[in-house]
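> give the three-dimensional model of this entry:
(4 chains)
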2 protein chains.
Amino acid sequence: MNEEFIHKWESQVKKGILELVVLNILNNRDYYGYELIEEIRNYTLIDIAEGTLYPLLIRLKESNLVLSEWVEQDSGIPRKYYSITMDGKTTLKELNIYWENLTRSIQKITTR
Amino acid sequence: MNEEFIHKWESQVKKGILELVVLNILNNRDYYGYELIEEIRNYTLIDIAEGTLYPLLIRLKESNLVLSEWVEQDSGIPRKYYSITMDGKTTLKELNIYWENLTRSIQKITTR
DNA sequence: ACTAAATACATTGCATAGCTATGTATTTAA
DNA sequence: TTAAATACATAGCTATGCAATGTATTTAGT
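Prediction:
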């Protein structure tokens, strides 16, 4: 068993998948960044680094798939909430279709 | 719908996944590179570029997950056949476990 | 009261992998 | 005879995850 290979591979596998995960979570309700990290860890056991998530959210915004809004708190640091756009929803549908076909075909290979 | 985003995303999603696919296919029998491209296209509809596969196979070999052997043909160009190693098999089991957990958790997010 | 941890955002630089383009060489089909 | 297919390979570009680092506020522990 090649531990180093597996470690690097796990990082590579996350590329692209994290955007899929974030968009799907934002499709349910609005989240702020720090909250998303916890939510993703709870749902997928993926420990997403802050240095990964914040640039990711900026990319999604620049692609017009999400919007962001600063929200002051009664107590504590202001939070930047993200919401999915109409374009984000239609794009997400395409991603989910691609993902489903991909996982189904890989399923066939791993179990035959 | 953001076509450009989707196009880039599909490339990113393949990172890591292609190694999983190749190792799983090699787990059944030996293949040569050019043959793998066709096999992957048939099974997964993923059109893998030659410039992607050959470096990938070299990486797998350098990680001792596969072996390669030149095989002369009665007619035509010699083929370099790849076979999975013992280390490759145990590593692949780990990758498949990670992959199954990952896809199962994403499944929960996309359908809730 | 002081300190460490948690919360909440962000950026820089590195390592890695997919893709296009290009190259070599042989064989087959038009 | 020319184009396409077979079969291998590499260079450079682009994009993303991650560790490290930074700022600032709030909360919990001693």
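
> list the contacts of the residue positioned nearest the centre of chain A.
In chain A, the centroid-proximal residue (Cα atoms, centre = their mean) is residue A:22; its distance is 2.5 Å. Applying Cβ atoms under 8 Å, 6 or more residues apart in numbering or on different chains to residue A:22 gives the contacts A:36, A:40, A:53, A:56, A:57, A:60. Glycine gets a C-beta too; all of them are placed from N, C-alpha and C.

> one more pass at 10 Å, please.
Contact analysis of residue A:22 by Cβ atoms under 10 Å, 6 or more residues apart in numbering or on different chains lists A:31, A:33, A:36, A:39-40, A:48, A:53, A:56-57, A:60, A:65-66, A:82, A:84, A:92, B:109.

> ok, now how distant is it from residue B:50?
In this view, residue A:22 and residue B:50 are 33 Å apart by Cβ to Cβ, to the nearest Å.

> still on that earlier bit, go ahead and list the helix or strand containing the residue nearest to the centre of chain A.
Using DSSP states H and E, residue A:22 falls within helix A:17-26.

> tell me which stretches of chain A form strands.
A:31-32, A:66-71, A:79-84 (DSSP state E).

> between those, which one is nearest to chain B?
strand A:66-71 (11.4 Å; Cβ to the nearest Cβ).

> strand partners (parallel or antiparallel) of that closest one?
strand A:79-84 (antiparallel) (DSSP bridges).

> right, is the partner strand up against DNA strand C?
Yes - using Cβ under 7 Å from any atom of the strand, we find that strand A:79-84 touches DNA strand C at A:79, A:80, A:81.

> beta partners of the last one?
Under the criterion DSSP bridges, residue A:81 forms beta bridges with residue A:32, residue A:69.

> from the residues of strand A:79-84 next to DNA strand C, pick the one nearest residue B:70.
Proximity of those to residue B:70 was ranked by Cβ to Cβ; the top entry is residue A:80 with 56.8 Å.

> got a list of what residue A:105 touches?
Contacts for residue A:105 (Cβ under 10 Å, 6+ apart) come out as B:21, B:40, B:42, B:43, B:44, B:45, B:46.

> which of those has the most neighbours?
residue B:21 (24 neighbours; other Cβ atoms under 10 Å in any protein chain shown).

> so how far is chain A from it?
6 Å (Cβ to the nearest Cβ, to the nearest Å).

> quick check: pLDDT value at that residue.
Residue B:21 carries a pLDDT value of 97.

> thinking again about what came up before, list buried residues within the residues of strand A:79-84 next to DNA strand C.
Listed as buried from the residues of strand A:79-84 next to DNA strand C are A:79, A:81; burial here means 16 or more other Cβ atoms under 10 Å in any protein chain shown.

> Throw the residues of strand A:79-84 next to DNA strand C into JSON lines and include pLDDT, thanks.
Formatted as JSON lines, the residues of strand A:79-84 next to DNA strand C follow (pLDDT from 0 to 100):
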{"residue": "A:79", "pLDDT": "95"}
{"residue": "A:80", "pLDDT": "97"}
{"residue": "A:81", "pLDDT": "97"}
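
> just the residues of strand A:79-84 next to DNA strand C now: which is nearest DNA strand D?
Of all these, residue A:79 has the smallest distance to DNA strand D: 11.5 Å, by Cβ to the nearest atom of the strand.

> OK, contacts around that closest one?
For residue A:79, the contacting residues are A:31, A:32, A:33, A:34, A:35, A:69, A:70, A:71, A:72, A:73, by Cβ under 10 Å, 6+ apart.
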